[in-house]
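Asks: quick check, what structure comes out for this input:
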Amino acid sequence: MWNDHQSLNLLANILLTGVLLAVIYAVGIRVLALPFFALREVRVEIVDKSQTNNMNLMHITRDQIKQIMHNSTNRNFIMIDLKILQKAFMELPWVRSVKILRDWPPALNILLEEHKPFASWGEAALVNTNGEIFHAIMDRAHLPVFTGPDKSSHLITRQYHIFSKLLQPTGYTVTEIALTPRHAWHVRLNTGTWLKLGRRQMELRLKRYVAVHTQYHEDLDWYGHSAYVDLRYASGFAVRTQ
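Replies: Prediction:
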């Protein structure tokens, strides 16, 4: 080998390249460690995709943000791993989305979107205004309750808005919606009454109930707060009182 000049030249070039790379790396590390590249500012911007114009954090605290920055960064603008930082933010229960951008002079722009609680998903979770399920702790007493099969939260949220609008002439509000595994709809009103809408023509059946209630509400009130109203009949509905 030692008489093979071509192999010796190749080995020398490899060694030289390795030394140069090591020197460049060492110099680069020292340069990046200069105060010039130190992270100077963290800007937090609230993203409101639901257009409620709420530009304040409701559930994510400044202390939580500071703790994540302390645990996930080395305070060097260039060497911060944005993916690790983003993952740390997404582990907060109230974060729906986060986007992190580098800016100059050395600063980070953190665009945070919070979950906006809309309903309770049974007793185990919450549903946000986008119909997405998330897990967080809060007082749910004022929220409607949704229950249904897996991946049905978007559908139930959409139907909640439809049912609520149809019920406006009655003055009643929806406090609970249950979608059965066979996709039959049960709606509970703030009076305690359950409306059984079935699997088809739910809006048509609810419109019929509203029309009858609007015309004969005094007669219906005579029955008190019904425990159960079956709207699956073709030309009427059955009332079961308490």
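
Asks: residue boundaries of the strands in this structure?
Replies: Along the chain, counting by DSSP state E, strands occupy 41-46, 95-103, 107-114, 117-121, 125-128, 133-134, 145-147, 174-179, 185-189, 194-198, 228-230, 238-240.

Asks: turn those strands into JSON lines, including distance to R62, mean neighbour count and mean pLDDT.
Replies: (C-beta placed from N, C-alpha, C; glycine too.) Below are these laid out as JSON lines (distance: least, C-beta to C-beta, whole Å; neighbours: other C-beta atoms under 10 Å; pLDDT from 0 to 100):
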{"stretch": "strand 41-46", "distance to R62": "8", "mean neighbour count": "13", "mean pLDDT": "84"}
{"stretch": "strand 95-103", "distance to R62": "14", "mean neighbour count": "15", "mean pLDDT": "91"}
{"stretch": "strand 107-114", "distance to R62": "11", "mean neighbour count": "18", "mean pLDDT": "89"}
{"stretch": "strand 117-121", "distance to R62": "21", "mean neighbour count": "21", "mean pLDDT": "97"}
{"stretch": "strand 125-128", "distance to R62": "22", "mean neighbour count": "21", "mean pLDDT": "97"}
{"stretch": "strand 133-134", "distance to R62": "21", "mean neighbour count": "18", "mean pLDDT": "97"}
{"stretch": "strand 145-147", "distance to R62": "32", "mean neighbour count": "21", "mean pLDDT": "98"}
{"stretch": "strand 174-179", "distance to R62": "35", "mean neighbour count": "19", "mean pLDDT": "97"}
{"stretch": "strand 185-189", "distance to R62": "39", "mean neighbour count": "20", "mean pLDDT": "95"}
{"stretch": "strand 194-198", "distance to R62": "44", "mean neighbour count": "20", "mean pLDDT": "93"}
{"stretch": "strand 228-230", "distance to R62": "49", "mean neighbour count": "17", "mean pLDDT": "87"}
{"stretch": "strand 238-240", "distance to R62": "53", "mean neighbour count": "13", "mean pLDDT": "77"}
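
Asks: export the ones you listed to CSV and tack on distance to T61?
Replies: Output for the strands of the chain, formatted as CSV (distance: least, C-beta to C-beta, whole Å):
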stretch, distance to T61
strand 41-46, 11
strand 95-103, 12
strand 107-114, 11
strand 117-121, 17
strand 125-128, 18
strand 133-134, 17
strand 145-147, 28
strand 174-179, 31
strand 185-189, 35
strand 194-198, 40
strand 228-230, 45
strand 238-240, 49
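
Asks: which residues does the nearest residue to M58 once chain neighbours are set aside bridge with?
Replies: Take M58 and drop its neighbours on the chain: the residue closest to it by C-beta to C-beta, 6 or more residues apart in numbering is E114, 6.1 Å away. Beta-bridge partners for E114, by DSSP bridges, are V95.

Asks: E114 against N56, yeah?
Replies: No - E114 is beyond contact range of N56, at 9.6 Å (criterion: C-beta atoms under 8 Å).

Asks: for these two, list the residues in contact with both.
Replies: Jointly contacting E114 and N56 under the rule C-beta atoms under 8 Å, 6 or more residues apart in numbering are I46.

Asks: pLDDT value on I78, please?
Replies: Model confidence at I78, given as pLDDT, is 71.

Asks: what does Y233 give?
Replies: 83.

Asks: how is this protein partitioned into domains?
Replies: Annotated domains of the chain cover 1-32, 37-114, 117-240 [automatic domain parsing].
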